[in-house]
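Generate coordinates for the sequence data below:
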Amino acid sequence: MGEELQQLRDDIAFVRAVAEEGNKSLARDGAVLATAGAVFSLTSFQYWLIFAGILVVPRGWASWLWLDGTVVFFVAMAFIRAGMPRQLGAVSRVTQAAWTGVGIGITVGGAALGLGAWRLGLPLVVTGAFPILLFTLYGAAWGIAFAVRRRTALALVAVGCFVVAVACGILMGEPQEWLALALGLLFLVAGPGTAIVLQSRRDQDGN
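Got it, this is the predicted structure:
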C-alpha cells in the first residue's frame, strides 16, 4: 500500500508539473520543429517543381538535391543548441520523449523501406511510401501531445497529419505527392513549432 500511495503522489506531482509548467520550457522543441518543417518543406517543394516539369535541372541532380536542406537544417540546429539550452521540465521531457520515438521510428522505417526496395528492385518505393510513414508517426506524436496537454489544437494537428498521410498514399507516384508533403511539413510541423516558440515567449514574459 505504501508503494502504491507513493506512486500516486509521484503521478499527481508529474501531472501538476505539466499543468503549471505550460509552454515555458518548450521554446527549443518548438524551434527545432519550426526549422525542420520549414527547411524540408522547401526541399519537398523543389522536388515537386522538378517532377512536375516546372523546374529543369541537369540529369542526376535530383538524387542529391535533398542535401541542401539537410546541410541548412544541421547548421540551424547548431545555432539552436547554442542559443537555447535544453530544458528539463515535465512537459519538455514528455515532448522530447515523443519526438525521440518519432525520430527512431522514422530512421528504422526508412531503413526498412530502403532494404525492401532494394530487395524487390523497386527504388521508387522509398520516395513514395516514406511520406506516409513520416506523417503517420508525426500524427502519433501530436496525439501524445494532445493526451498530455488536452489542447484541441494539438488534436487537430494530429488529425491533419493523418489526413496528409492518406493523401500521400492516394497521390503515390505522382508529382503532387511532393506538394502534399511540402504543405504538410509547412502547416503541420513548421506552423505548430512556430506557435510553440511564440507561446513560450509570451509565457516567459508574463512571469
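
What ranges does the protein have for its helices?
Assigned by DSSP state H, the helices in the chain fall at 2-21, 27-51, 66-83, 90-120, 124-149, 152-170, 176-185, 191-205.

what's the angle from the fifth one to helix 191-205?
Per axes from the mean of the first three to the mean of the last three CA atoms, to 10 degrees, the angle that helix 124-149 makes with helix 191-205 is 30 degrees.

Spatially nearest residue to T136, not counting backbone neighbours?
Leaving aside its chain neighbours, T136 sits nearest to A165 (4.7 Å; criterion: CB to CB, 6 or more residues apart in numbering). Using the backbone N, CA and C atoms, a C-beta is placed for each residue, glycine as well.

Please apply the same query to G109.
Spatial nearest neighbour of G109, chain neighbours left out: L133 (4.6 Å); criterion: CB to CB, 6+ apart.

re earlier: now tabulate the helices of the chain in CSV and tack on distance to V57.
Output for these, formatted as CSV (distance: least, CB to CB, whole Å):
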stretch, distance to V57
helix 2-21, 47
helix 27-51, 6
helix 66-83, 12
helix 90-120, 23
helix 124-149, 16
helix 152-170, 23
helix 176-185, 14
helix 191-205, 29
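
any idea which of those scores lowest on pLDDT?
The weakest mean pLDDT among these belongs to helix 2-21, with a mean of 42.

Not counting sequence-adjacent ones, nearest residue to V32?
Per CB to CB, 6+ apart, closest to V32 is I80, 6.2 Å.

for T194, what are its contacts?
The contact partners of T194, taken as CB atoms under 8 Å, 6 or more residues apart in numbering, are 30, 34.

how close does it sit to R149?
Going from T194 to R149 by CB to CB, to the nearest Å gives 17 Å.

can you pull the contacts of A195?
By CB under 8 Å, 6+ apart, A195 lies in contact with 30, 153.

What of W99?
29, 32-33, 141.

what's the most distant pair in these?
V32 and A141 (12.5 Å; CB to CB).

before we move on, back to that, give me the number of residues near the residue nearest to T136?
Residues lying near A165 (other CB atoms under 10 Å) number 20.

Does it touch A129 like I think?
No: between A165 and A129 there is no contact under CB atoms under 8 Å: 10.4 Å.

residues shared between the contacts of those two?
With CB under 8 Å, 6+ apart as the test, A165 and A129 reach no residue in common.

Quick check: the gap between F146 and T100.
In this view, F146 and T100 are 18 Å apart by CB to CB.

The two: who's more crowded?
Counted by other CB under 10 Å, F146 and T100 do not tie: F146 has more neighbours, with 18 against 11.
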